[in-house]
Each structure stands twice: as structure tokens, then as C-alpha cells.
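Novice: the sequence and its predicted three-dimensional model are supplied below.
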There are 4 protein chains.
Amino acid sequence: MVRVGILGASGYGGAELLRLLKGHPGVELVGFSSRKYEGKALSAAWPQLWDERLFLPQEEVVGRAEVVFLALPNGLAMGLVPEILRAGKRAIDLSGDFRLPPEVYEAWYGIPHKSPGLYQEAVYGLPELHRAELREARLVANPGCYVTAATLALAPLAAEGVLKGAFVVGLSGVSGAGREGEGTFFAEVNENLKPYKVGGTHRHIPEMELNLGRLLAQGHTPRTHGARGEVRLSFTPHLVPMIRGILVTAEAEVEGAWDQGKLDALYRGFYAGEPFVRVLEDLPQTKGTLGSNRADLKPLYEGRTGRVLVFAALDNLVKGMAGQAVQNLNLMLGFPEDTALPKEGLWP
Amino acid sequence: MVRVGILGASGYGGAELLRLLKGHPGVELVGFSSRKYEGKALSAAWPQLWDERLFLPQEEVVGRAEVVFLALPNGLAMGLVPEILRAGKRAIDLSGDFRLPPEVYEAWYGIPHKSPGLYQEAVYGLPELHRAELREARLVANPGCYVTAATLALAPLAAEGVLKGAFVVGLSGVSGAGREGEGTFFAEVNENLKPYKVGGTHRHIPEMELNLGRLLAQGHTPRTHGARGEVRLSFTPHLVPMIRGILVTAEAEVEGAWDQGKLDALYRGFYAGEPFVRVLEDLPQTKGTLGSNRADLKPLYEGRTGRVLVFAALDNLVKGMAGQAVQNLNLMLGFPEDTALPKEGLWP
Amino acid sequence: MVRVGILGASGYGGAELLRLLKGHPGVELVGFSSRKYEGKALSAAWPQLWDERLFLPQEEVVGRAEVVFLALPNGLAMGLVPEILRAGKRAIDLSGDFRLPPEVYEAWYGIPHKSPGLYQEAVYGLPELHRAELREARLVANPGCYVTAATLALAPLAAEGVLKGAFVVGLSGVSGAGREGEGTFFAEVNENLKPYKVGGTHRHIPEMELNLGRLLAQGHTPRTHGARGEVRLSFTPHLVPMIRGILVTAEAEVEGAWDQGKLDALYRGFYAGEPFVRVLEDLPQTKGTLGSNRADLKPLYEGRTGRVLVFAALDNLVKGMAGQAVQNLNLMLGFPEDTALPKEGLWP
Amino acid sequence: MVRVGILGASGYGGAELLRLLKGHPGVELVGFSSRKYEGKALSAAWPQLWDERLFLPQEEVVGRAEVVFLALPNGLAMGLVPEILRAGKRAIDLSGDFRLPPEVYEAWYGIPHKSPGLYQEAVYGLPELHRAELREARLVANPGCYVTAATLALAPLAAEGVLKGAFVVGLSGVSGAGREGEGTFFAEVNENLKPYKVGGTHRHIPEMELNLGRLLAQGHTPRTHGARGEVRLSFTPHLVPMIRGILVTAEAEVEGAWDQGKLDALYRGFYAGEPFVRVLEDLPQTKGTLGSNRADLKPLYEGRTGRVLVFAALDNLVKGMAGQAVQNLNLMLGFPEDTALPKEGLWP
């Protein structure tokens, strides 16, 4: 039994980590922290949990664990990870701290980086692209929901070398903004729909471009710190009145002559054998992924415009966050990759 | 591995049976039927499932299985169960067909009963009250969501012999009406709230009264076909704009002198050790039970009126339907009672 | 044109006052205030408004207006109204400050009353009961949503002298908690349902009992400060995942022999000619009142228990708040009572 | 008082026509029909209406009215309009029957056109572009929600002659699918999000291209049957879990050099003086238009890609349907264009 701990267990990412890790046969959950609930019982923070264990101080969680999940706001993991690694432990960070080259991070996040040297150590936590590296990783930079969806949607075109650019529209439920996210009051969100952080200002843009750039330069299974090409995306996120689920709708400009058959073959080939990516005949819908670690994709050749439409749906708190982190844990520890991870969800 | 089958696997109860039984280590799901989807793949009916097995004809499912779940509209199980039992198989019926004495059933459901003799054979499938009987059952009459919630809410008072009557208000999400339930279009249900089948017309009233009457006469662990006392309830259901979850709010008239301490002691004692009933300090909320087989209860002594308020929340498709059926299966087969049944749910 | 002003125009009550008063042909809106938005344009606070007039300081609004609406948190109007009245202006207060005898107010609201003497001056703003008094009022204590619904639901029984008590269940949308109401984040409210402030703790209980007590003692058209009898209610509110609308479901214990015909006759007679109360054949639903100043009622005789069920639905921000305030304004100023007030709403 | 009638008054478009026309000071509503509710009272179809007038047969409505609104499924108006016009009456058709050249209509709608000659008679009912023509119109082809939003979003660029193409994403609430629209059950729509009719198959594509083509060829105020240029759009609609409201997000490819200032000036100039189009500083949200006849727009220059993003929000049942029809009525009858049409809506 590997001893795991969670820092930041009173946010939504923490809740999903708790749900998944409590059902994991190969790990023992030895501690979890929350500044807000320290010293209180799990059930005080989480009505869905029937568990009276107490939230512990961060240091105690780190002290007890062999692998530490960090589900903290951006800017905190960079201060904690050095010590975790020095103590010979491994870390899976769910924030943005180690996903981008430090200078790019600083430019887009507006936070000075405290541990820039560790970026070279971090493995980018998208198993479909970086599986081999992840098996050896001591520090994983676990990507978030929009980037996971957009990258999975466009990766086959990028790895094939034909992706010239894309107009990416993101549609997200409210839980992506966190537990008491700004501007997420029910009366203002329900029966409402709005774009936000548009016009090239969303901080997940450089990460999407980096991922696709790696694929352009290196093909199907890039190294995190290998060569990268350039691709330019437009990204336009919207807030949708639902709790979970994101859908990415991308219109890609591609080189060469395509048709539906070639496109299907490319996508089915690229994701063949993947335990958590399904290429559909029909169009995906977010509810089809609720509570599961699956991403559902559908590429579509649009004859009228010669463009390629790709749709990607996933549960932002599972494949877009905690589930992916557990998938990375499984790779790091040598467990079957789908241990404790549902491929199928709830309906309705 | 026990071979189980599901009749009616394209409704919501069927979906939850599929979810739970696919994760059950002691059973093999050998078939499932649906008139609408016969010959089609599971994934055609269910976007959340990644499973291309085909829906089979009813007879084939029955033929292959040792235990048959019947998740069919009222009035159908009564025609199928005799043959299932004759073939030496066991049946768990999720409809109302075997929950009431046949003459009561006919009066409230308006359906002539085809197998009235089997009522004596049926064990009422509420594990908290009928655990011992269920271990031996060949035919289980699995109760629904409102009755489970109202019975669990008032059982301690009834078993204590102090329950004189109650005003029971039911608040239900939409999935209780079934997959394409009448009057459940989004534009007419969202941002709306309405009572329905009020004034003593809801067919679950006699079942609640029967359950509480048994407790009044027999105490804590009644026999399905034992003596029963009489209790009269008012029941007023409402449709709430959410998918899953029901809440029962009951105001009980009780004999004797009560206070909060006595009440808490009664409820905690009554449900001590129950794997799926939690007596809370705080008020329950439906989201706390989402996806789990748990019921959350809170009794409250109301000093101003001398009445007892009880709140009960559960997921109508799990503890109020499919999860309870699997709990009964576990009892019948001698598995640990919580096998494949989550005590904790998803949030948010 | 009567000059009117609004204090507290950036809350939901203020938004509805703005909507209704901007369409009122007999008044001129001369100012509106908001601590948060002072000096900013209306459209900065309200995306639905196309109006660049600025929020003014409170004193300026009061200075310009002949009639002042106070849509402020509890405890503020009591400090402002004395001066408004001294200046010869009239006031309609939407808070609880003048609805209850000061000693009762202090006990339930926990706020020392600064102007206890003004209670005798205040007319209770429920037009269906206090129409004549309201025509002469200088200060109106405008009731809120739950109390309006519960009072209208039970008034005919109280005025008839047969109401012994009632179990009142309140079901409310989220906007009743205000613009950024505590515990109203989308991800925690949607797909959730919960009771709150139960067990005789909700501060609207004494107001309901006071209203019904006046009717018991004085009959159909009581005086605010006349005699009152006693009635004891249980009140159990719940939060429902919708924005607008409340439903009150009351089970009343009544004296004498009743049947559906007598009950219908009582209610239809009591509300005959009322412009904003409709007694339905069918059950009410909240969406039927959306955006309108109407309350929909349905009394139902429940033969099995001998109790009377009454359902009342209304839009909490209109008949339960701003619309009722405008109805009172119309009475005070001698306009037709329904001026600028929709009897019919939006669907869906 | 002009006598108006509504054919198809039991659908959502009919409900909004009823709401708006009942408040119109210059018209008398002389009749309304519904196959389903013929002979029944308005309140039987519509819980929000307090109106016991009866639904009449179609012929009787037509017989009484001077202007007839047709809010019927596609394919019916083409059979009714000839006789209405022959009788010297005027018609406003809310269906697609007269919006497209008959051969284009037949290709995209799959319905043989019964009155192809009338297309030359029909004026396209978008007041912002065809105001002068509408004043003289006998037959108006009233456009729907997606086309109104997309056309208003891109019209300034097309009229300026710089629009080369656009990727248009549509996001719609459920009421756009009609009262019991296929696939709109609450349990399957809530907490779900999905694309539909994608890949160039949605029948509103040719109408958008026609509108923008007219602007390209004719500039700001085109004639319905004048010259047209060519523009090619991709259109990708999605179903969002809300009742009302649509948002169109368009990424336009444009000629020439642009920046935010030039773009704002173009849009503000183009819509200067329009009573129902607002060009915002901030991003629009659908709730800001709820219940109003307003469209909110925001153009945005995206420096990273050189593309122009445009967002357009409106209430699909008002500016996208019934409100626009009343706006056209006002033009036809010489009433002020905003008579009975709210510029401001409800919040929340």
C-alpha cells in the first residue's frame, strides 16, 4: 500500500481525489489538509462524505505520505514541491505552476516563479501523450480541463503535421471556477450564458499551443522538454449554467485533402487502445462523461468550408482534474492505468 | 459468480442497476433486455456506457440468469415472476406489483392482479426492517423512493409505538417520473415548482401506512406478512427542478413527552450499525446523497408545537431504487451487504 | 407626476422596483441609490437595463422624492424613516423594520429598534387585507414573500374563525436570499434541495401568526393595530434550485365540517374582485406567476384526514416584494390599483 | 384599433405574441387559434394567463382580423397566406416558409413549396436592415433567433464589404425547440451540453448567408429582392441547459487592417439610433436580454490572430421571434417602432 496525501482537500478537486483515492485498492490515504477546515472532520467540509477523520496541517500530511497531491491555488505548489522532492517523495501538482516554462508562466499568470529550475524536472501529466515519461516522473504537472479537452481534440491533427490553426470554443460548467468561484451565484448563473476572458487573454492558451507545438515537432509521443513547433489558436471560453462538464468545439484549419473516412481513421488510430478516450460515431454530450474519467471525441469533416470540426467532452473534475491525477499516479506506481478510475459514469 | 439479468435496462432504474452490477465482484451480468432497444448495443441507449453488448429478448435474459431484476412498468412483473420462480430462479421486482396486498394494489393501481397468490411469497425489500427475511427471499418487492424515505423517517417513532399520524411532504427531482416522464419537458420544469397527486390520491400512501402499521404492531423488525396496526398519513408530493434526489419532510404527531435529546437517542439507537442510514447533526440536503446508496436523516423536536419534524434525503435512483435492489441481492446471496454499493457520493 | 425614489436599487428588490416604476405612467423616478454603485450608471449594476443615469447619494434621493421606497437590509429603514416623514414625504419600507411590534421585532431580529414609536404609524402593506388603511398611509410596512403567501393561503380560514393551526411548508427559489446571498453558489445549489431555519426559528413566523391572529379577531378587513387572536403555526422553509418563485403548502387544522364545495365557496368569496389573487381549479405552479404580481391559490379538502390543504404560488420578487410595494403606492396615491402591475407573466 | 389575430397561439411563440399584443395600445386581439386547444380557454393552455377567452377555429381568426400572425410549424403558412392576402389582409409569418427563395427552401426544408410566387411579395422581417420595405409590406417573413443574432453580429462587417467568412457558434436555450421539442426532457437536458445539426446541415445557414450576401452587394439597407454577393459560413449550434436566450459567438475573417477602435466605431455607427440593438463595452450575457426585445452586441478585435470576434445575445422568443414580429407590425401600421416592446428585461 502506497501512502498518499492531499493538500487542499476542501476544494472540488480535493473532493474528487478523496472519492477516487478512497476506492483505490493500492493506496492508503494517510492525510489531507485544508487551511479552512484544519482540525475539523471531513464530513464538516463535505456533506457527501461519511467520514470523521480530521483535516491535518500540511506538514503532517507531507510527512506521512510517499506521494503528495497538491490541489492548491496557483502559486503555492512552487513553494512546497522542492521540500517534498528533497524528502524523496513524489508530487502530483494540479495547479499551473509546473506546466509552462517559467518565463511563460510568469507572463501569463503574473506570479514570480519560486522554483524555476524544477520545470525541467516536471513531466506534463497527459497520459495519452506522455505515458512513458510519466512512469518515471517524480513531479507531475497535471493539466486542467480546457487544455486536456483541446489537446485531445487536436492532437491527432498536430501529430500528423497538418494542423495550421484553430478557432477553439470552450463551454464550461461552473465547478471549473472552484468552490465559491467569483461570479458563480445561482441567481446570476442559472438561465444565463456568457463568454469570459476572450480575445486571447485566457491563460490556458499558451499551454494548448505548447502541447500542440510539441506534437507538431515530435509526433505522437512527445517528450515534455523536447522540440516544439508553432501553432496559433484562438480560444473563446463561455460559462454555461451547469455544474460539471466541459465541451470544446474546435474548428481546425488543416493542410491537405481530407474526408470523413480519412479523418475517422486518423482519430481511431491515434487513440487505439487508450483506456479513457473514446472516438464516437455520434456527437458527444457532456452528461455522457459525468463522474467518469473518459473523454468523448468526434472529428467531423465539413465539406462546405473544408475545415475540420472536432468536439471533445469530459468531466472537468475527473479527466479534467482529479481523475487524470490518479491516472498519473497509477502510471508512476505501476498499477494498471485504470485502477479506481471509472470509464463509465452516471446517467442522468 | 452468480448470473444476474435485468429486464427493462433502458430506463433510469436499469441504468443504475447496470452501473452498480457492472462493478459487483460477485456477479456476472449475463443479459439485459429492453423492448425499445432489443438487438442494439448498450451504448445506443446509454451515452455514459462504453459497452457494445446487445440488448437481448426477455426470455433469453431470464433463461441465462439465476437472479432476475425486473425494472418494468407496473403490471408486467406479475405476469413474468411465476415462471421465473417455477424455473428455480429468484426475482427482485422494482415495480409496485408485489408490495401491497392484491386487493389494495388493485384499488390503488387500477390493475387487476394476475398472481395474487404470490404476495404471500414476496418479502418487502427494505433491508433496515426486513433483513432476516430478505436473506431467505425468493421474491423481493423492492420499495420506491418516496416510501423508502418516508418509512425510514418515521420508523423509529412507529416502532416505539408513539406515532399517531403525520403530514408528509415529498419533494422529488424529475428522474422519479422515468426517462420520458409525462410533463417533464425542460422548459416547463426548470424554474418551476408544483404539487401533484395531492389530497390523498398518491398510490404510495397505502404502502407507507402499511410499513408504519407493521412497525406499530410488531416493533423494530417486523415480518412482511405479520400483524399490523393502523396509522393515517397525509402525503403531499411536489416536483422540483432537479434531476435526482428526494427529500421527505414529515411533521409527526406523537404521544408522550419528547425533547431533542430523547429523539436523537431514539433515532441513533434505531439505526445503529446500519450501513446506509446516517442520522445527522445538521439538516440533510439531497446533494449529499448523490450517486450513493445512503439515506440521511434528521429528527427535530419542535418545542413551539410539540410536534416532531423529520427530514430524510436520498438519491431516488439508488437507495430509492436500484441501489436498494442490489442491497437486497447482497442479502439474498450472502455477500457483505455493502458490496458494490457506494456509501459516499459525488459533490458537487 | 408623483416624484418617487428608491434607496437600495442594486439589490433584486430594487431591480424589480426599477422595472415596474419605469413603466408607471403616474410617477417620475427622480433618483435611486446604492452604496456599492454610487456615482456609477444603472447599466453598470444591471445588465438588463439600458439606462445610463447615475446612482445618487441617499440624501439626494430622499431630497428629490415625494415617496421613498426603502429596499435596504433589515435595521436601516428605522434610522431613515423618521426624517423622511418629518419632511412631509411618505415611505414604503420593504424590510422587516415596521412589520412587527418593536419588542417582537427585537426578539426575533436581534436588532434594537431605533424608532419604536413609529410602529403605531405603520400600515401593514397587504392590500387584500388592509386596503382602506393603505389609502391613508404615510408609512407602509411591506410584507415579504413567505408571509404574503402564507397569509393569503390561510386568511379565509382565519377570517371565518375556523383556523386552529397549520403546518406550513415553504419552498423558495434562491433570489429570496438576495443578490449574493450566503450559501447560494450555483454548484452547491443546483441539483440540490434543503431545509433551512426550521424548528420554529424563522423570523417570519411571528408575522404570519400576527396576520392570521388579526383576522381571527377582526374578520375579513382587519386594522393593523386592532385586536388580535392567537394562532400557532409550524413553518418549515426549504431552498429549491430555481431563481424566482415561492410555493407555500399548508395543512390546516380547522373547526367544523368541511367539504370541497364549501371550501371553494369560502375562498372564491373571500377573494372576489381581487385584482391579483386567483383561486384556481387546478394546482398552482410557480412558473404561472413569473414576472407578474399575481398570487395563485388552491384550497383542497382532504377527506382521509379531515384537514384542509392550501397551496399558494407567487413570484417572490413581485407580489412577494416590489410589485406589492407598487400596489401599495397605487393605493396611497389614488391610482388604479393595478397601474404598471402585470397580472400575467412570462412563459416559459 | 387594428384587429389582429394569431394562428398557433398554444406554442411558445404564440405565448409571447399574446403577452406583447395584450399590452399593445393600438391593436385589438380579436382571435387566436390552436388545433390542440380549440374551444378551450386560454388559461387551459397557459397557466400564466388569467384569461378565459376561447381558442377559435383558424378561419374565424382570419375572418375577424386585419393583420394575421402565423406562428405555425414550417409548411403551413404557405397554404394559408394566399387567401389571407386575397381577402385584403396582411400577414406576418413566423415560420421559414417565405424567408428563402423557393428552390432553396425546398432543398433545405424538404417541403415542396405551395406558393412559390409569393416569395417575391414577402419582405424579410429584420427591421434593422429592411425598415423602409417593411412599412409597405403586406407579407412579412419574420426571421428566427439564430439568424437574427448571427446577421446582426456580422452585418456591419458585411455592409462594409470586408467580411470574407466566419465560424459561427450558436448556443441556445431549450425553448427554441418548441413546447414539447424532441429531446428536451429535463433529466436529459439539465446538467448537459451538446452540439447538434453540425457540419453544415442546419437549415438556417442559407438564410444567414443570404442576409449577409445582400449586405455585401447592397450595403447598409438592402432590398429583400435586390442583388446579393456570396459569403460562406460555418455554423455549429449547441443546446444549453437553460430555457430562454441565445448567444452567437462568431469568429470572422476580414479584409484590411483593423483594431478595436475602428471596430467599435463601425458597430456603433451602423446601429446608431436603433431602438433594440445595443453595442456594449463589456461582453453580453443572455440574461441581460430576458423578456426584452433587445439584442446586445460586442465586437472584439483579436490581435493574436487578426480575426474579429463578435458576440450577440438576445431572447430567442422575443427579438428572436414574437417581439420582432410585433416590431414589424408597428412598422407596417405606422406605430412608434417600440410600441408594446420592452427594451429592458427581468433580472434575475
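Specialist: Structure received.
Novice: next, count neighbours for the residue in the stretch 101-250 of chain A positioned nearest to chain B.
Specialist: The stretch 101-250 of chain A approaches chain B most closely through A:Ile243 (5.2 Å), counting by C-beta to the nearest C-beta. C-betas here are computed from N, CA, C, even on glycine. Counted with other C-beta atoms under 10 Å in any protein chain shown, the neighbours of A:Ile243 add up to 26.
Novice: before we move on, what about A:Gly219?
Specialist: Here the number of neighbours of A:Gly219 (other C-beta under 10 Å) works out to 12.
Novice: distance of the spatially closest residue to it that is not a sequence neighbour from A:Thr221?
Specialist: Computed as C-beta to C-beta, 6 or more residues apart in numbering or on different chains, the closest residue to A:Gly219 that is not its neighbour in sequence is A:Ala159, at 5.2 Å. Relative to A:Thr221, A:Ala159 is positioned 9 Å away (C-beta to C-beta, to the nearest Å).
Novice: of these two, who's got more company?
Specialist: Legend: neighbour count by other C-beta under 10 Å for A:Ala159 and A:Thr221, higher for A:Ala159 (22 against 15).
Novice: which residues does the more buried one contact?
Specialist: Residues near A:Ala159 by C-beta atoms under 8 Å, 6 or more residues apart in numbering or on different chains: A:Leu215, A:Leu216, A:Gly219, A:His220, A:Phe270.
Novice: scan those residues and report the most crowded one.
Specialist: Within these, most neighbours by other C-beta under 10 Å means A:Leu215, with 26 neighbours.
Novice: within the helices and strands, which one has that residue?
Specialist: Following DSSP states H and E, one finds A:Leu215 within helix A:205-218.
Novice: relative to chain D, how far out is the residue nearest to A:Gly219?
Specialist: Using C-beta to the nearest C-beta, to the nearest Å, we find A:Ala159 at a distance of 22 Å from chain D.
Novice: residues of the stretch 151-300 of chain A that sit close to chain B?
Specialist: Within reach of chain B by C-beta under 8 Å from any C-beta of the partner chain, the stretch 151-300 of chain A has these residues: A:175, A:190-191, A:243-244, A:278, A:284-285, A:287-292, A:294, A:296.
Novice: returning to what we had before: may I see the contacts of A:Ala159 organised as TSV, with distance to B:Arg131 added?
Specialist: TSV is the format used below for the contacts of A:Ala159 (distance: C-beta to C-beta, whole Å):
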residue	distance to B:Arg131
A:Leu215	57
A:Leu216	62
A:Gly219	60
A:His220	55
A:Phe270	52
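Novice: what's the farthest-apart pair in these?
Specialist: A:Leu216 and A:Phe270 (14.1 Å; C-beta to C-beta).
Novice: do a quick rundown of the helices in the stretch 151-300 of chain A.
Specialist: Using DSSP state H, counting those that start in this stretch, the helices assigned to the stretch 151-300 of chain A run over residues A:186-189, A:205-218, A:260-270.
Novice: which one of the ones you listed is the most hemmed in?
Specialist: Mean neighbours per residue, mean count of other C-beta atoms under 10 Å in any protein chain shown, is largest over the helices of the stretch 151-300 of chain A for helix A:186-189, with a mean of 26.
Novice: returning to what we had before: which neighbouring elements make contact with the helix holding A:Leu215?
Specialist: helix A:102-109, helix A:127-136, helix A:145-159, strand A:163-172, strand A:232-239 (3 or more C-beta pairs under 8 Å, 6 or more residues apart in numbering or on different chains; DSSP states H and E).
Novice: give me the angle between that helix and helix A:145-159.
Specialist: Interaxial angle, helix A:205-218 versus helix A:145-159 (axes from the mean of the first three to the mean of the last three C-alpha atoms, to 10 degrees): 20 degrees.
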